[in-house]
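J.: Next comes the sequence, and after it the predicted model I'd like to discuss.
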Amino acid sequence: MSETQSLDKAVGGERQRSKPSMPPHLDADQNVRDILESITDAFVMLDHQWRFAYINPPAEALLNRQREDLLGRVAWLEFEHAVGSELEAELQRALREQQTKKFETYYRPFDKWFYITAYPCRDGLSIYFNDISERKRAEIKLEDQERRFRAVFDQQYQLTALLSPDGIVEDINALALQTGGFAREEIVGRPMWETPFFAGLLDTQKMWREEIAAAVRPTARANRECTFKTRTGELRVAETAVTAVRNVRNEILFLIAEGKDITNRKQAEQRLPESELRFRMLVSQVKDFAIFMTDVNGRPTSWNEGVERILHYTENEFIGSDPGLAFTPEDNAAHVPQQEFKTAAERGAASDDRWMMRKGQQRFWAAGMTTAVRDADGQLVGFSKVFRDWTAQKKMEDELREAQKESRRYADELEMRVAERTAKLRETVSELEAFSYSVSHDLRAPLRAMQGFSQFLLSDYGHVLDDTGRDYAQRITNAAARLDHLIQDILTYSRVARTQIQLRPVDLERLIREVLQAYPTLQPPNAEIQINGPLLKVLAHEPSMMQCISNLMGNAAKFVPRGTTPHITISTDRCNDRVRVWICDNGIGVAPEHQQRIFRMFETAHQAHAYEGTGIGLAIVRKAVERMGGEVGVESQPGQGSRFWIELQEAT
């Protein structure tokens, strides 16, 4: 009978012998009892054996249990999912330290958050608790919204900053910092005009004061150009605007300062003739059409605001880009961009009506034309492309609503599938536990009979058998022993994978001494053990850690060349805030191509007849270390020994 079953039986017997009641000194005082019954918070009392001594009506409602079913019962048996949780740890600490503990915790079976206050008293613990799930979910939702805002803010294609109404920079996006080469802490907290972007640029500083002052007034402001400076001292030009964001009472919440780096465009404009400049200015300000020139190979050589509005590419990203940048993957695979330019060169123009791609892989229907551009001598000098987004807005809205409905349906289906799979998983775990019990008790019994009878056969009738018969009987004995060892290793792996673990500081030197005492093969003269102490303490589950150390040291003693005395060295060192435990040997080594494989089930790096083993020992080590939040690995070369390591959190 397990310890839990024994405890449950003992508690059950106690419940039958006496009627559950409050502690005697409370039960005797009707006033106290009335006060406890009137408490609006959920309230329970646990005695020193963690049995329910009192439960008030709000607690019955939150726990969804009747007090008659719980009084006198052990809390950890009735709410077994709390075992090993933060809830159990905090209540244990409150009782052990005799100090009041207040904490928030999540109880998964109820899918609820609770705020708990535990008061030690002479009879055990008095516990008040409230359901705070609604507040916690609101906090989590707010955090998610803030993360989404940050993601959108940093992915803006503009230089963007958030300002207080008086012009103090409260936040700035990644593109602005990258363009200027500054760190966030150099910008945030300063007036916009005093940031390093405008150091020494008096006219620009004055302009920003005027823009921010004007932004708080209801009148709209046109875009203005300003000069700014990078960390390297380079002067660049941006087109800027400041917008006030107001609440429903028309009060200013904050200002948004946006800028577009137009340095490349300004430099290009300075090199153009006046007439072409006027034409470029006209084209650049067209927003409903993407209008640009390309060279003879189809690479863009100009840009307008329509390109950014439709394709979402900035001037710096677009000019000089691949000819197929805005084409779909299937059109690129079919060489449609090259065919389009070839048709335009041969016929003078080519239709550009097709599905195209914005930045971010969003498709849209484009309607336009590609035209060949020739010089006065008729030589091809490039192409002009003009197109617009012709996707019907209504269609987009309908598709969006349909996508939202579909998304909700998928979410509902996913939730249902998760619930079904969770139930199946619980059923599978239960079946695995039953199978483990069957393996442990039912399968090993015939094996022990095989071993016993084959040994009797050898000892009692060995003189009757010839050499072949004795060899067969010995093989039966050895095979049964190997299978029994294999079953034990499988059960150990299953236990390591299922056992609930709690990490605590572990003294490695003490643990290794216990391993050495338990295994004669690790004791002189069978092996030489060297501990390079003092060893650092780790945060681990001690039984699992002992299993890992014994498996690794056992392997180190086993896998050595014949006639060689195993020499095993144990040491520790720090790796950031973690501890790496080294177990080094003078064994046969592991080839690099096998060093990942040997940690899998039934995998070995040597021939089966050369060394005994089931191929599960290192898989047990890996599973145990992973459950303790660590990593395991090996450094080795054939014939040069091995250096196995386990990395875990350092115990403070």
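T.: Noted; the coordinates are in hand.
J.: All the strands of the stretch 551-652 of the chain, residue numbers only.
T.: 567-575, 578-584, 631-636, 642-649 (DSSP state E, counting those that start in this stretch).
J.: Please identify which of those strands is closest to A367.
T.: Within those, the stretch nearest A367 is strand 631-636; the backing value is 56.5 Å (CB to CB). The way it works is simple: take the backbone N, C-alpha and C, and place the C-beta from them, glycine included.
J.: In the closest one, which residues are buried?
T.: Of the residues in strand 631-636, 632, 634, 636 count as buried by neighbour count, 16 or more other CB atoms under 10 Å.
J.: In a markdown table: those, plus pLDDT and distance to F198.
T.: Formatted as a markdown table, the buried residues of strand 631-636 follow (pLDDT from 0 to 100; distance: CB to CB, whole Å):
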| residue | pLDDT | distance to F198 |
| --- | --- | --- |
| V632 | 93 | 55 |
| V634 | 92 | 57 |
| S636 | 91 | 60 |
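J.: Adding distance to D203, write the residues you listed out as JSON lines.
T.: Supplementary listing: the buried residues of strand 631-636 in JSON lines, determined by distance: CB to CB, whole Å:
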{"residue": "V632", "distance to D203": "64"}
{"residue": "V634", "distance to D203": "66"}
{"residue": "S636", "distance to D203": "68"}
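J.: packing partners for the strand or helix carrying A350?
T.: If you go by DSSP states H and E, A350 is part of strand 349-351. Other elements packing on strand 349-351 under the criterion 3 or more CB pairs under 8 Å, 6 or more residues apart in numbering; DSSP states H and E are helix 336-347, strand 363-374.
J.: Report the buried residues of the helix or strand containing V242.
T.: Using DSSP H and E, V242 sits within strand 235-246. Within strand 235-246, the residues scored as buried using 16+ other CB under 10 Å are 236-242, 244.
J.: Nearest to E330 among the residues you listed?
T.: E239 (36.7 Å).
J.: re earlier: what lines up beside whichever helix or strand comes after the strand holding V242 in the sheet?
T.: Downstream of strand 235-246, the next assigned helix or strand under DSSP H and E is strand 252-261. If you go by DSSP bridges, strand 252-261 pairs up with strand 159-163 (antiparallel), strand 235-246 (antiparallel).
J.: would you put the C-alpha positions of the shortest one in CSV?
T.: The C-alpha atoms that make up strand 159-163 are tabulated as CSV, following Å, rounded to 0.1, in the frame of the first residue of the first chain:
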residue,chain,number,x,y,z
LEU,A,159,10.8,57.8,-37.6
THR,A,160,8.3,58.0,-34.7
ALA,A,161,8.4,59.4,-31.2
LEU,A,162,5.7,59.8,-28.5
LEU,A,163,5.9,63.2,-26.6
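J.: List the contacts of it.
T.: Here strand 159-163 makes contact (CB atoms under 8 Å, 6 or more residues apart in numbering) with 153, 169-173, 175-176, 179, 187, 192, 212, 238, 242, 254-261.
J.: let's see it at 10 Å
T.: 153-154, 168-180, 187-188, 191-192, 195, 197, 208, 212, 215, 228, 238-240, 242, 244-245, 253-261 (CB atoms under 10 Å, 6 or more residues apart in numbering).
J.: returning to what we had before: may I see the strands paired with strand 252-261 organised as TSV, with distance to Y313 and mean pLDDT added?
T.: What follows is the strands paired with strand 252-261, written out as TSV (distance: least, CB to CB, whole Å; pLDDT from 0 to 100):
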stretch	distance to Y313	mean pLDDT
strand 159-163	16	86
strand 235-246	17	87
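J.: rank the helices and strands packed on strand 349-351 by mean pLDDT and give me the bottom one.
T.: Sorting the helices and strands packed on strand 349-351 by mean pLDDT places strand 363-374 lowest, at a mean of 88.
J.: Can you mark which positions in it are buried?
T.: 364, 366, 368, 370, 372.
J.: now swap in stretch 257-272 and tell me
T.: Buried, per 16+ other CB under 10 Å, within stretch 257-272: 257-263, 265, 268.
J.: Ramachandran coordinates for F292?
T.: phi -160, psi 160 (degrees, to the nearest 10).
J.: Now for it, how many residues are close by?
T.: 22 (other CB atoms under 10 Å).
J.: Same question for the one 5 residues further on.
T.: As a burial measure, N297 scores 11 neighbours (other CB under 10 Å).
J.: So it is in contact with Q338, correct?
T.: Yes: with contacts counted by CB atoms under 10 Å, N297 reaches Q338, the gap being 9.5 Å.
J.: Please enumerate the shared neighbours of the two.
T.: Common neighbours of N297 and Q338 (CB under 10 Å, 6+ apart) are P323.
J.: Which single one of the buried residues of strand 235-246 is nearest to I529?
T.: R236 (67.6 Å).
J.: Apart from its neighbours in sequence, what residue is nearest that closest one?
T.: Excluding the flanking residues, the one nearest R236 by CB to CB, 6 or more residues apart in numbering is T263, at 4.3 Å.
J.: ok now do the one you found, which residues does it touch?
T.: 179, 227-228, 234-238, 315-316.
J.: can the strands of the stretch 551-652 of the chain go into TSV with extra columns for distance to A344?
T.: Below are these laid out as TSV (distance: least, CB to CB, whole Å):
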stretch	distance to A344
strand 567-575	62
strand 578-584	62
strand 631-636	59
strand 642-649	62
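J.: Would you mind saying which of those strands lies nearest S550?
T.: Going by CB to CB, the one of the strands of the stretch 551-652 of the chain nearest S550 is strand 578-584, 10.7 Å.
J.: Sheet-wise, list the partners of the closest one with their directions.
T.: For strand 578-584, pairing defined by DSSP bridges yields strand 567-575 (antiparallel), strand 642-649 (antiparallel).
J.: List the buried residues in that strand.
T.: 578-581, 583-584.
J.: repeat for stretch 178-197
T.: So for stretch 178-197, counting by 16+ other CB under 10 Å, buried means 179-180, 182, 186-187, 191-193, 195-197.
J.: Other residues contacting whichever strand or helix holds Q178?
T.: Counting by DSSP H and E, the element that carries Q178 is helix 174-180. With contact meaning CB under 10 Å, 6+ apart, helix 174-180 is reached by 150, 153-161, 172-173, 182-184, 186-187, 195-197, 228-232, 234, 236, 238, 257-259, 261, 263, 314, 316.
J.: Would you check how far apart the nearest residue to W113 once chain neighbours are set aside and L142 are?
T.: In this structure, W113 finds its nearest non-sequential neighbour in K136, 4.0 Å apart by CB to CB, 6+ apart. Separation of K136 from L142 (CB to CB, to the nearest Å): 11 Å.
J.: who has more neighbours, those two?
T.: Between K136 and L142, K136 has the larger neighbour count (other CB under 10 Å), namely 16 against 10.
J.: which element is that one on?
T.: Applying DSSP H and E, one finds K136 within helix 133-154.
J.: can you check M396 too?
T.: helix 393-438.
J.: Check which element follows that helix along the chain.
T.: Trace forward from helix 393-438 with DSSP H and E and the next one is helix 444-461.
J.: what about the stretch 301-450 of the chain, any weak spots by pLDDT?
T.: Low-confidence segments of the stretch 301-450 of the chain, defined by pLDDT under 70: 393-394, 397, 428-445, 447.
J.: 80 - rerun?
T.: By pLDDT under 80, the low-scoring segments of the stretch 301-450 of the chain are 352, 375-377, 392-401, 422-423, 425-450.
J.: show me what contacts D34?
T.: D34 neighbours (CB under 10 Å, 6+ apart): none.
J.: Give me the below-cutoff pLDDT ranges for the stretch 551-652 of the chain.
T.: Using pLDDT under 80, the stretch 551-652 of the chain drops low at 601-616.
J.: on that earlier part again, looking at the strands paired with strand 252-261, which is closest to L536?
T.: strand 159-163 (46.4 Å).
J.: how distant is the closest one from the center of its chain?
T.: Distance, stretch centre to chain centre, for strand 159-163: 30 Å (CA atoms, centre = their mean, to the nearest Å).
J.: Roughly how far does E37 sit from L465?
T.: Distance from E37 to L465, by CB to CB: 82 Å.
J.: Comparing the two, which residue is more hemmed in?
T.: Using other CB under 10 Å, the more surrounded residue of E37 and L465 is L465, with 14 against 11.
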